[in-house]
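Undergrad: The amino acid sequence is not available; the structure is as follows:
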DNA sequence: CATAAAGGCTCCTCCAAGGGGAGAGTCAAG
DNA sequence: CTTGACTCTCCCCTTGGAGGAGCCTTTATG
């Protein structure tokens, strides 16, 4: 099966101009050229284009993409390294979003923000990696465990996260609607939460939980 | 406090050349120019630069960024709309990553992948631009009622869940290791948690949070 | 005070990654 | 065989800066 420029363009979302360009610079030559000079692309080329788009999502210069693709012919290996880079990119984006949210809080309060903090996430690559380190340290220190690069059991994490979110949302709802009417509901909510925690390696008794909440009370004036 | 080009550059991660450029095109004029012709930037300019960088993260052309910033002088409104766009961007990135993972599965199995599916997340450029257009219209008209959360934002939900899980795990860890040694750490944990909640539309003050935990105490005997 | 290093300015050229459009050939259907 | 949708090449244009030359300003130091 061979595709014309327009078909490839429609499939991939790139423009015909871009395909011309990629041909000209030798990044994506068509598999075949018809007698009339029409570019025709096959499956291999579609795969290569997909690789190119993944790399482009990371803002790599085309020249570098070309070298990367020429150096590595194993599609699976390319995909794996691209995945890692895209995840880093996502983390960067998340840092930017966190920065934005911090800025909103400061803007609302009318305070001025630390100038360094204002630009977290925008730094250049090196500073960016440092920031990631710092972030990981921050997470480690504040939340007591690695969210970073170690082997994390993702489904397990997701399950925990879903439970925690459900618990938090449930509590929030209970608070909004007035606790008095919902004693039983909240009791069950807390109970389930404790069961869940215990079922996931957190040996947390109700008494401990109460101690935790007592502890919170010391910090009313945060 | 005024900053020279180099200082702004270091703070923000932009180059001096970029600052020159933004001055030349009128996107970010310095607040003041010294007798010797040196550019000097104040806090307002840093904030504007931050806005610019947020928009640039979305690949908006500088010309459009200029118009957007000129049309809107309320920092909080700008930040709110930028947050929405960045979340959409993150969603797009997540789609791309999903596509990549799907591709890995196919590559491993040796099967060929549906050509449409191969480019999920990329093909969306048009829809993405339309969304931006729509958003621009939105910001031009009014942004008074952006607080109403209509549909459920799935990535947003996931982030909330992850934060809640991290918070819970952190607290559990702190409990296990003994709270006394970690007062400051826990204080910060709670503080960050509150910041996070506030950043996500839960108008929860420290006092409210304390009230909530007080409530927990009634259930010591679960 | 002199002097050097570091930082700043303008002006000019260059680059990547395409976009726009002209002018002309090609293909498929009626 | 004509028409409309596609395609080709060629050339110039644009965006968002980067690099460097040549010259001025500020600051630290002996």
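TA: In hand now; what should we look at? What you see is a predicted model, and the numbers here were worked out from it, not measured in a lab.
Undergrad: for chain A, what helix or strand is lowest in average pLDDT?
TA: Least confident helix or strand, chain A: helix A:125-143 with a mean of 42, by mean pLDDT, DSSP states H and E.
Undergrad: buried residues in the helix ranked longest in chain A?
TA: For chain A, the helix with the greatest residue count under DSSP state H is helix A:75-109. Applying a neighbour-count criterion of 16 or more other CB atoms under 10 Å in any protein chain shown, one finds A:75, A:78-79, A:82-83, A:86, A:89, A:91-104, A:106-107 buried in helix A:75-109. The way it works is simple: take the backbone N, C-alpha and C, and place the C-beta from them, glycine included.
Undergrad: So what touches stretch A:78-89?
TA: Stretch A:78-89 is contacted by residues A:51, A:54-55, A:57-58, A:68-69, A:72, A:132, B:93, B:96-97, B:100-101, B:103-104, B:107 when judged by CB atoms under 8 Å, 6 or more residues apart in numbering or on different chains.
Undergrad: Strands along chain A, start to end?
TA: Remark: strands assigned in chain A by DSSP state E are A:32-33, A:39-40.
Undergrad: Stretch A:116-125 and DNA strand D in contact?
TA: No - on the criterion CB under 7 Å from any atom of the strand, stretch A:116-125 is out of touch with DNA strand D, staying 9.3 Å away.
Undergrad: just checking, residue A:34 touches residue A:40?
TA: Yes - Residue A:34 is in contact with residue A:40 according to CB atoms under 8 Å; the separation is 6.0 Å.
Undergrad: Which of the two has more residues huddled nearby?
TA: More neighbours surround residue A:40 than the other of residue A:34 and residue A:40, with 16 against 11 (other CB atoms under 10 Å in any protein chain shown).
Undergrad: what's near enough to touch the more buried one?
TA: So residue A:40 contacts A:2, A:3, A:4, A:30, A:31, A:32, A:33, A:34 (CB under 8 Å, 6+ apart).
Undergrad: farthest-separated two in those residues?
TA: Taking CB to CB, the two most distant members of the contacts of residue A:40 are A:3 and A:33; they sit 13.1 Å apart.
Undergrad: Show me which of the two is the more surrounded one.
TA: residue A:3 (21 against 12).
Undergrad: nearest spatial neighbour of that one, skipping sequence neighbours?
TA: Using CB to CB, 6 or more residues apart in numbering or on different chains and skipping residues adjacent in sequence, the residue nearest residue A:3 is residue A:41, 4.8 Å away.
Undergrad: Contact partners for residue A:15?
TA: Contacts of residue A:15 by CB under 8 Å, 6+ apart are residue A:9.
Undergrad: any idea how far the residue lying closest to residue A:72 once chain neighbours are set aside is from residue A:67?
TA: What sits nearest to residue A:72 in space, not counting adjacent residues and going by CB to CB, 6+ apart, is residue A:78, at 5.3 Å. According to CB to CB, to the nearest Å, residue A:78 stands 12 Å off from residue A:67.
Undergrad: Am I right that residue A:54 is in contact with residue B:93?
TA: No - contact status for residue A:54 versus residue B:93: not in contact, 11.0 Å apart, counting by CB under 8 Å.
Undergrad: Report how many residues lie close to the nearest residue to residue A:27 once chain neighbours are set aside.
TA: Nearest in space to residue A:27, with sequence neighbours left out and distances taken as CB to CB, 6+ apart, is residue A:66 at 5.1 Å. Look at residue A:66: counted by other CB under 10 Å, it has 18 neighbours.
Undergrad: what's near enough to touch residue A:66?
TA: A:25, A:26, A:27.
Undergrad: and the residue nearest to residue A:38 when sequence neighbours are not counted, what is it in contact with?
TA: Closest residue to residue A:38 apart from its sequence neighbours, by CB to CB, 6+ apart: residue A:4 at 6.4 Å. Listed by CB under 8 Å, 6+ apart, the contact set of residue A:4 reads A:38, A:39, A:40, A:41.
Undergrad: For residue A:4, give me phi and psi.
TA: Main-chain torsions, residue A:4, degrees, to the nearest 10: phi -80, psi 170.
Undergrad: how much space between it and DNA strand C?
TA: 9 Å (CB to the nearest atom of the strand, to the nearest Å).
Undergrad: Residue A:104 against residue B:74, yeah?
TA: No - here residue A:104 does not reach residue B:74: they are 12.0 Å apart, not a contact under CB under 8 Å.
Undergrad: quick one, domains of chain A?
TA: A:5-71, A:85-143, A:154-217 (automatic domain parsing).
Undergrad: Mean pLDDT lowest where, among the ones you listed?
TA: Note on the domains of chain A: domain A:154-217 shows the lowest mean pLDDT, a mean of 51.
Undergrad: Stretch A:59-77 vs DNA strand D: in contact?
TA: No - if you take CB under 7 Å from any atom of the strand as the test, stretch A:59-77 misses DNA strand D, and the best it gets is 10.9 Å.
Undergrad: quick one: that stretch near DNA strand C?
TA: Yes - counting by CB under 7 Å from any atom of the strand, DNA strand C is contacted by stretch A:59-77 at A:61, A:62, A:63.
Undergrad: for the last one, what are its contacts?
TA: Think residue A:63. So residue A:63 contacts residue A:25 (CB under 8 Å, 6+ apart).
Undergrad: which residues does residue A:117 contact?
TA: Contacts of residue A:117 (CB under 8 Å, 6+ apart): A:99, A:102.
Undergrad: one more time with 7 Å
TA: Shown in contact with residue A:117 (CB atoms under 7 Å, 6 or more residues apart in numbering or on different chains): residue A:102.
Undergrad: distance of it from DNA strand C?
TA: 21 Å.
Undergrad: Likewise for residue A:123?
TA: 18 Å.
Undergrad: my read: that residue touches residue B:13, true?
TA: Yes - judged on CB atoms under 7 Å, residue A:123 makes contact with residue B:13 at a distance of 4.1 Å.
Undergrad: near DNA strand D, which residues of chain A?
TA: A:4, A:5, A:6, A:7, A:16, A:20, A:37, A:38, A:39.
Undergrad: Can I get the buried part of those residues as one PyMOL selection?
TA: Selection of buried members from the residues of chain A next to DNA strand D for PyMOL, criterion 16+ other CB under 10 Å:
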select buried, chain A and resi 4+5+39
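Undergrad: of all the residues of chain A next to DNA strand D, which two lie farthest apart?
TA: Taking CB to CB, no two of those sit farther apart than A:7 and A:37, at 16.7 Å.
Undergrad: re earlier: tell me the one among the contacts of residue A:4 nearest to chain B.
TA: Nearest to chain B out of the contacts of residue A:4 is residue A:41 (CB to the nearest CB; 10.6 Å).
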